[in-house]
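Chemist: What follows is a predicted protein model with its sequence.
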Amino acid sequence: MKNLIESKWDEILKYLITEYGITDVSYNTWLRPLKIYDVVDHVITILINDERIGPPSLNVIRNKYELLLKVSIEEVMNEPYEIKFVLQSQIDSVEKMAEPVTSKKKPNDQTFLNARYTFDTFVVGGNNEFARAAALAVAENPGEIYNPLFIYGGVGLGKTHLMHSIAHFVLNQNPDTKVLYVTSEKFTNELIEAIQKKTTMQFREKYRSIDILLIDDIQFIIGKESTQEEFFHTFNTLHESKKQIIISSDRPPKEMLTLEDRLRSRFEHGLMADIQSPDYETRMAILKKKEELDGYKIDEEVLRYIATNIKSNIRELEGALTKIVAFSRLKKRELNVLLAEEALQDIISPNEKKVITPELIVEVVAEHHNISPSEIYSKDKSRNISYPRQIAMYLCRRLTDLSVTEIGKILGNRDHSTVLHGYDKVSKDIAKDSSLHNTIDVLIKKINPE
Ligand SMILES: Nc1ncnc2c1ncn2[C@@H]1O[C@H](COP(=O)(O)OP(=O)(O)OP(=O)(O)O)[C@@H](O)[C@H]1O
């Protein structure tokens, strides 16, 4: 993730300069020295080299450029990110405290908790109240009641927010608790590095000597055998010594088709809590919370416009709010629904009805199952491919006007009876499996976010 943002960083700055008419002198003074320090789950930490430009740099950059940076990042990356700043002088002092003799050590992973992701700022609605209650119960009694806690739900629905809330809560109660929050991507990268540098002992020591492990987006370890193996042992060691493990994923364990069975059963052994898309009232409440936290003053009608039109992803909901505020400040125009429509026209186009094609369905189904669209079209009969393919058949039949013969042809030249069989199988499975039912709902929302 960090590499991706870094590779686009010049493009992001270029966008910012041209779009917002930044002068050379301002660019050279404030923006050029900025570096990406870290990226963890949609939060970019930007390093400010204050040794060169001095302490006021943080205020200037926050007041003048934070919003513009956010909008430019979203434009270039096609999805919103939160931004945090860290000063070089802060890092130097953390390094000194952490390691008086040797230098060049990153601050503790706890530093990367987003200060805003707490239980206080988490808006509760019917879609997330169970997950929130479970998270709070775990934060109050770590290692004692639900272990592991497995939180799952679609993209941008608050899983990371809840995980950080647990970490903050525990650290507030007892600052000495050893809490480690990582994404499974980071866990994998650290493991690879440890294997290369022959430091697996230290790696194990780090992961097995903590009190609370929060591991985000676990779906990325599926299919990675040695990471699964290592995680399995980490899990067992922590679990046996009653250390709390909290896992998040974009889907429930039983849908992680290529996940090793022994890991799946470990995950299912604790408490599983899902987060669904928020309803209209919850979306409004989230927008109001953000308005309050960011100190904006926005007309209710504008909030209603956003809440009505952006439904499935809270990150996008918040991104839309940031974008219209930036737009109104830059254009020096009043923030009303007209302006919101203009600013958000590339995200919301109410009059355009999206055409649902089998290709779109295949793309969404493949992405959800972590496989490629070409595998769905292929002749591969293994279950982790054939079941998503049947889901695609089911959705094509439900969401398009195509005949089963046409669907079969498009999905890899298959017979109409194969499509019918796939459709029947998934229909029957949905009737007896509520979690598959939820998945299908999520997929339909992704395909057609009406
Ligand atoms: N209930 C909520 N109340 C307030 N803010 C929320 C809520 N749920 C999500 N958010 C906000 O929405 C944004 C996205 O949430 P988060 O990053 O936690 O999603 P996620 O489920 O972890 O996404 P991903 O699948 O991409 O990892 C964050 O800024 C978060 O603060």
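Modeler: Here it is on my side, so go on. Numbering: from 1, shown residues only.
Chemist: Go ahead and confirm residue 211 touches residue 175.
Modeler: No - counting by Cβ atoms under 8 Å, residue 211 stays clear of residue 175, with 11.9 Å between them. The C-beta positions use only the backbone N, C-alpha and C, and glycine is treated the same way.
Chemist: Have a look at the two and say which one is more surrounded.
Modeler: Between residue 211 and residue 175, counting by other Cβ atoms under 10 Å, residue 211 is the more crowded of the two (18 against 9).
Chemist: The ligand versus that one, what's the distance?
Modeler: Distance, residue 211 to the ligand, using Cβ to the nearest ligand atom, to the nearest Å: 22 Å.
Chemist: Output the below-cut-off pLDDT ranges for this protein.
Modeler: 51-56, 92-111, 258, 349-354, 449-450 (pLDDT under 70).
Chemist: just the strands in it please.
Modeler: For the chain, the strands defined by DSSP state E cover 35-40, 43-48, 82-87, 149-153, 179-183, 212-216, 244-249, 271-275.
Chemist: From the contact counts, what lies against the fourth one?
Modeler: Put plainly, it is strand 149-153. For strand 149-153, the elements it packs on are helix 129-140, helix 159-173, strand 244-249, strand 271-275, judged by 3 or more Cβ pairs under 8 Å, 6 or more residues apart in numbering; DSSP states H and E.
Chemist: Same check on the fifth one?
Modeler: Based on contacts counted as 3+ Cβ pairs under 8 Å, 6+ apart, the elements that strand 179-183 packs against are helix 159-173, strand 212-216.
Chemist: so what's residue 200 closest to, chain neighbours aside?
Modeler: The shortest distance from residue 200 to any non-neighbouring residue, by Cβ to Cβ, 6 or more residues apart in numbering, is to residue 194 (4.7 Å).
Chemist: related to what we said a few turns ago, turn the strands of the chain into TSV, including mean neighbour count.
Modeler: Formatted as TSV, the strands of the chain follow (neighbours: other Cβ atoms under 10 Å):
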stretch	mean neighbour count
strand 35-40	19
strand 43-48	20
strand 82-87	18
strand 149-153	25
strand 179-183	21
strand 212-216	24
strand 244-249	26
strand 271-275	21
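Chemist: Can you add distance to residue 428 and give the ones you listed back as a markdown table?
Modeler: Shown next, in a markdown table, are those (distance: least, Cβ to Cβ, whole Å):
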| stretch | distance to residue 428 |
| --- | --- |
| strand 35-40 | 41 |
| strand 43-48 | 42 |
| strand 82-87 | 42 |
| strand 149-153 | 23 |
| strand 179-183 | 36 |
| strand 212-216 | 34 |
| strand 244-249 | 25 |
| strand 271-275 | 22 |
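Chemist: who wins for proximity to residue 120 among those strands?
Modeler: The closest of these to residue 120 is strand 82-87. By Cβ to Cβ, the value is 16.9 Å.
Chemist: That closest one pairs with which strands?
Modeler: Strand pairing for strand 82-87, determined by DSSP bridges: strand 43-48 (parallel).
Chemist: give me the residue from the chain nearest the ligand.
Modeler: Here the residue of the chain nearest the ligand is residue 158; by Cβ to the nearest ligand atom that distance is 2.7 Å.
Chemist: okay, the helices and strands packed on strand 149-153, which one's buried deepest?
Modeler: With neighbours defined as mean count of other Cβ atoms under 10 Å, the helices and strands packed on strand 149-153 peak in mean count at strand 244-249, which reaches a mean of 26.
Chemist: helices or strands up against it?
Modeler: Right, strand 244-249 is packed against helix 129-140, strand 149-153, helix 159-173, strand 212-216, helix 225-240 by 3+ Cβ pairs under 8 Å, 6+ apart.
Chemist: Recalculate using a threshold of 6 Å.
Modeler: strand 149-153, helix 159-173, strand 212-216 (3 or more Cβ pairs under 6 Å, 6 or more residues apart in numbering; DSSP states H and E).
Chemist: export these to a markdown table and tack on distance to residue 270?
Modeler: Shown next, in a markdown table, are the helices and strands packed on strand 244-249 (distance: least, Cβ to Cβ, whole Å):
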| stretch | distance to residue 270 |
| --- | --- |
| strand 149-153 | 6 |
| helix 159-173 | 14 |
| strand 212-216 | 13 |
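Chemist: for those, which one sits closest to residue 438?
Modeler: Short answer: strand 149-153, nearest of the helices and strands packed on strand 244-249 by Cβ to Cβ, at 9.0 Å.
Chemist: Touching that closest one from outside, list them.
Modeler: The contact list for strand 149-153 (Cβ atoms under 6 Å, 6 or more residues apart in numbering) reads 131, 134, 138, 159, 246-249, 251-252, 267, 270-275.
Chemist: This protein - how does it break down into domains?
Modeler: According to the TED database, the chain comprises the domains 1-94, 119-274, 280-349, 358-447.
Chemist: would you turn those domains into CSV with distance to residue 112?
Modeler: Formatted as CSV, these follow (distance: least, Cβ to Cβ, whole Å):
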stretch, distance to residue 112
domain 1-94, 5
domain 119-274, 7
domain 280-349, 18
domain 358-447, 25
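Chemist: Just give the nearest non-adjacent residue to residue 147, would you?
Modeler: In space, and not counting its chain neighbours, residue 147 is closest to residue 270: 5.2 Å by Cβ to Cβ, 6+ apart.
Chemist: Now do the contacts for that neighbour.
Modeler: 146-149 are the contacts of residue 270 under Cβ under 6 Å, 6+ apart.
Chemist: Looking at neighbours, which among the residues you listed is most surrounded?
Modeler: Most surrounded of the contacts of residue 270: other Cβ under 10 Å gives residue 149, at 26 neighbours.
Chemist: Distance check, it against residue 140.
Modeler: Look at residue 149 and residue 140: by Cβ to Cβ, to the nearest Å, they are 12 Å apart.
Chemist: Give me the neighbour count for the nearest residue to residue 125 once chain neighbours are set aside.
Modeler: Nearest-residue entry for residue 125: residue 282, 3.0 Å, with adjacent residues in sequence omitted and distances by Cβ to Cβ, 6+ apart. Close neighbours of residue 282, defined as other Cβ under 10 Å, add up to 20.
Chemist: nearest spatial neighbour of residue 319, skipping sequence neighbours?
Modeler: Per Cβ to Cβ, 6+ apart, closest to residue 319 is residue 80, 3.0 Å.
Chemist: ok, how many other residues are close to the one you found?
Modeler: Per other Cβ under 10 Å, the neighbour tally for residue 80 reads 22.
Chemist: Do I have it right that it meets residue 321?
Modeler: No - Residue 80 lies out of contact with residue 321 (Cβ atoms under 6 Å); the separation is 9.8 Å.
Chemist: what is in contact with these two at once?
Modeler: What both residue 80 and residue 321 touch, as defined by Cβ under 6 Å, 6+ apart, is an empty set.
Chemist: Report how many residues lie close to residue 231.
Modeler: When neighbours are counted by other Cβ under 10 Å, residue 231 registers 24.
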